[in-house]
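[1] Sequence and predicted model, in that order:
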Amino acid sequence: MPSTARTLMNSDEFLIWCLDQEDRYELVEGVPFKMMTGDSTRHDRIIVNLIMELGQQLRGTKCHPTTADIAVKTRIRSIRRPDVTVTCDPPRSDIYDAATPKMVVEVLSPTNRGIAWQRKLEEYRNRDGLIYSLLVESDAPAAILLTRRPGTREWIATDIDGLDATLPLPEIRCTLPMSNLYAEIGFAA
């Protein structure tokens, strides 16, 4: 009788498996899931703006922003690929995940909303050493900044609205002006 049992991957096996894949995947409870592709130019512009702003402010420190190519382990059998991660890892060519992520950023759009966000955020909240989780809207100048209370597992949510607002990130010595995150993006009046 043939076996229908699926072999679940751990995070290290998954990262090695990804090296031979053309598409980008996340690992959820040991099962690879192909990530959505084809985000809008608005979504992409916000990510580029974030990386440029964070890169400029973090230059000269031990921390730096990364793209979704660098994974974040959230459980033994789960790996996520945030749109942007701030990590304080020393650069190495043979590492494919962030060992010490301090911040993860997800840019929201109409095509990536849903119940999966609750699960993803819960995984991020349980990641040791992570200080900030940032959800950035793509349809309006708005964001939700989740900040871990020092020395606890408690997170505080702060709504940031409008192009005149700023995102304070004192633990990584950055302040992100919303106007810079949404530079070159127009919104309907």
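    Everything's here; your move.
[2] Now do the most centrally placed residue in the chain against Thr41, distance only.
    Nearest to the geometric centre of the chain sits Pro82, at 2.5 Å (Cα atoms, centre = their mean). Plainly put, Pro82 is 20 Å away from Thr41 if you go by Cβ to Cβ, to the nearest Å. Any C-beta I mention is one placed from the backbone N, CA and C, and that applies to glycine too.
[3] Which is the succeeding secondary structure element to the top helix by length along the chain?
    Longest helix of the chain, by residue count under DSSP state H: helix 41-58. Note on helix 41-58: by DSSP states H and E, the next helix or strand toward the C-terminus is strand 64-66.
[4] rewinding a little: isn't the residue nearest to the centre of the chain up against Lys102?
    No - counting by Cβ atoms under 8 Å, Pro82 does not reach Lys102; the two are 11.8 Å apart.
[5] got any ranges where the chain has weak pLDDT?
    Applying pLDDT under 70 to the chain flags the ranges 1-6, 36-39, 110-116, 188-189.
[6] can you map out the helices along it?
    Using DSSP H, helices in the chain cover 11-18, 41-58, 116-125, 178-181.
[7] tell me the strands in the chain, going along the chain?
    Assigned by DSSP state E, the chain shows strands spanning 25-28, 31-34, 64-66, 72-75, 78-80, 84-87, 101-108, 132-137, 142-148, 155-161, 166-169, 174-177.
[8] and among these, the most buried is which?
    strand 84-87 (a mean of 26; mean count of other Cβ atoms under 10 Å).
[9] Give me the contacts around that one.
    The contact list for strand 84-87, computed with Cβ atoms under 8 Å, 6 or more residues apart in numbering, reads 47, 50-51, 54, 58, 63-68, 70, 72, 98-105, 132, 172.
[10] Keeping just the C-alphas, turn it into PDB.
    In PDB, the C-alpha atoms belonging to strand 84-87 read as follows (Å, rounded to 0.1, in the frame of the first residue of the first chain):
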ATOM      1  CA  VAL A  84      11.900  44.300   4.400                       C
ATOM      2  CA  THR A  85      13.900  43.100   7.400                       C
ATOM      3  CA  VAL A  86      16.300  45.000   9.500                       C
ATOM      4  CA  THR A  87      19.000  42.700  10.900                       C
END
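[11] ok, that strand: who's next to it in the sheet?
    strand 64-66 (antiparallel), strand 101-108 (antiparallel) (DSSP bridges).
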